[in-house]
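S.K.: how would this look folded up:
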Amino acid sequence: MNNKIANILKSYLEDLSWADKVAGLTQVANIRLKEGENITDKSFPISCNVTIEDCEKKGKYDELAPNSKKKSVMFFEDRGGVKLDHYEGTRIWYRASLRLIVWLNLRKIEGAACDADVSECGVSGDYVLDVIKHIPYNAFDSGGFYGISIEPPEQVERSVDIFGRYTFNEPQTQYLMWPYDYFALDYDILFSIPCDYAE
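M.R.: Model (predicted):
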């Protein structure tokens with residue numbers, strides 16, 4: 001179910017002016033790569049909607065990795081879910097927990113202003129607010145779920161640990177320092193599904 005919930009949230013983020021690569025729920029894929037004479041094991045976030053053929057034959061295993069050609073990368077990690085002891089008629093209630101990870105290429109987003117003056121290059125806080133404002137917080141129905149209620153997110157402590165599950169190229173020195181930036185938000189989402197019990 002968390003995959004479907006992530007896709008619902010994703011739909012609200014795709015029209016952000018600075019959105020480039022936006023994915024729903026991801027999983028960690030361990031890939032063995034040949035680099036010259038060496039074989040290296042690397043881990044990447046892979047969209048749950050990407051097929052094995054996409055990864056092996058089309059090389060899509062790293063499409064969610066930071067890349068200087070992209071303006072931004074956004075994807076969700078699964079933080080689990082629980083069934084709540086709350087019923088309304090035939091509806092069963094659940095809580096899903098998702099983490100949104102966002103990587104930004106400020107130079108690509110801000111353009112010439114960023115090259116001319118670093119102070120014009122923006123800060124991740126502006127983009128955090130953009131994301132928060134684009135997600136609805138009033139209950140709504142979508143995709144077979146009812147009463148979807150998204151709680152305002154908690155911002156994750158800024159740390160390279162946000163990317164700790166992955167082996168991107170030089171994450172500490174290359175893609176996490178200016179003109180790049182990043183942040184993560186933890187979301188709790190309440191929703192119900194109808195379930196007819198046989199008597």
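
S.K.: switch to C-alpha atoms for all contacts and neighbour counts from now on
M.R.: Fine.

S.K.: Strands along the protein, start to end?
M.R.: Ranges of strands within the chain are 21-35, 38-47, 72-88, 91-105, 140-142, 145-150, 154-155, 180-194, based on DSSP state E.

S.K.: Just put these in a markdown table and tack on distance to Leu9.
M.R.: A markdown table is the format used below for the strands of the chain (distance: least, Cα to Cα, whole Å):
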| stretch | distance to Leu9 |
| --- | --- |
| strand 21-35 | 8 |
| strand 38-47 | 14 |
| strand 72-88 | 9 |
| strand 91-105 | 10 |
| strand 140-142 | 11 |
| strand 145-150 | 9 |
| strand 154-155 | 15 |
| strand 180-194 | 10 |
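
S.K.: was I right about Gly80 contacting Leu25?
M.R.: No: here Gly80 does not reach Leu25: they are 11.6 Å apart, not a contact under Cα atoms under 8 Å.

S.K.: Work out which residue lies at the spatial centre of this protein.
M.R.: In the chain, the centroid-proximal residue (Cα atoms, centre = their mean) is Phe75; its distance is 2.0 Å.

S.K.: Asn105 and Lys21 touch, don't they?
M.R.: No: at 11.7 Å, Asn105 does not count as touching Lys21 under the criterion of Cα under 8 Å.

S.K.: Are there residues contacting both of the two? Which ones?
M.R.: Lys70, Ser72 (Cα atoms under 8 Å, 6 or more residues apart in numbering).

S.K.: Mind checking which of those two has more residues around it?
M.R.: Asn105 (26 against 18; other Cα atoms under 10 Å).
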